[in-house]
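*Asks:* how would this look folded up:
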Amino acid sequence: MASLLSKVSISQHRARVLRWSMALILCLGTFAAMSPATVAGNRCKDRCNDVYHRRKDVCKLIPLKYERHRCEDGAKRAKNNCKRGCR
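*Replies:* From the prediction side, this is the model:
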């Protein structure tokens with residue numbers, strides 16, 4: 001009777017350890033897979049936005065309103081073309 005009880009408790013302990021280890025692996029895998037994908041997916045778009053903001057800052061130095069708006073529109077078109085290349 002004692003050996004049967006010890007075998008049952010050992011198998012329950014193994015099952016519990018296996019369950020916890022699988023849960024831990026699942027959580028770690030989720031966090032590891034989520035972080036690089038998020039960063040890598042936005043790197044191209046971040047570069048496009050940085051270039052856009054630099055060009056727009058240069059456009060703000062133009063004193064004539066009509067020329068300034070043309071410059072800003074060109075910067076926006078360039079940003080959209082850049083983002084299209086990221087997909």
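
*Asks:* ranges for the helices of this protein?
*Replies:* In chain order, the chain shows helices spanning 2-59, 65-86, with DSSP state H as the criterion.

*Asks:* mean pLDDT lowest for which of the ones you listed?
*Replies:* Per-segment confidence across those bottoms out at helix 2-59, which has a mean of 72 in mean pLDDT.

*Asks:* which residues touch residue 60?
*Replies:* Residue 60 makes contacts with residue 68, as judged by C-beta atoms under 8 Å, 6 or more residues apart in numbering. Where you see a C-beta, it was placed from the backbone N, CA and C, and this is true even at glycine.

*Asks:* cool, and residue 56?
*Replies:* If a contact means C-beta under 8 Å, 6+ apart, then residue 56 has 72, 75 as its contacts.

*Asks:* Over to residue 58?
*Replies:* With C-beta under 8 Å, 6+ apart as the criterion, the residues that contact residue 58 are residue 71.

*Asks:* The one 4 residues further on now?
*Replies:* The contact partners of residue 62, taken as C-beta under 8 Å, 6+ apart, are 68, 71.

*Asks:* Distance check, it against residue 75.
*Replies:* Here residue 62 is placed at a distance of 12 Å from residue 75 (C-beta to C-beta, to the nearest Å).

*Asks:* Residue 52 too?
*Replies:* Counting by C-beta to C-beta, the gap between residue 52 and residue 75 amounts to 6 Å.

*Asks:* What residues sit buried inside stretch 75-87?
*Replies:* Of the residues in stretch 75-87, those buried by neighbour count under the rule 16 or more other C-beta atoms under 10 Å are 75, 79, 82.
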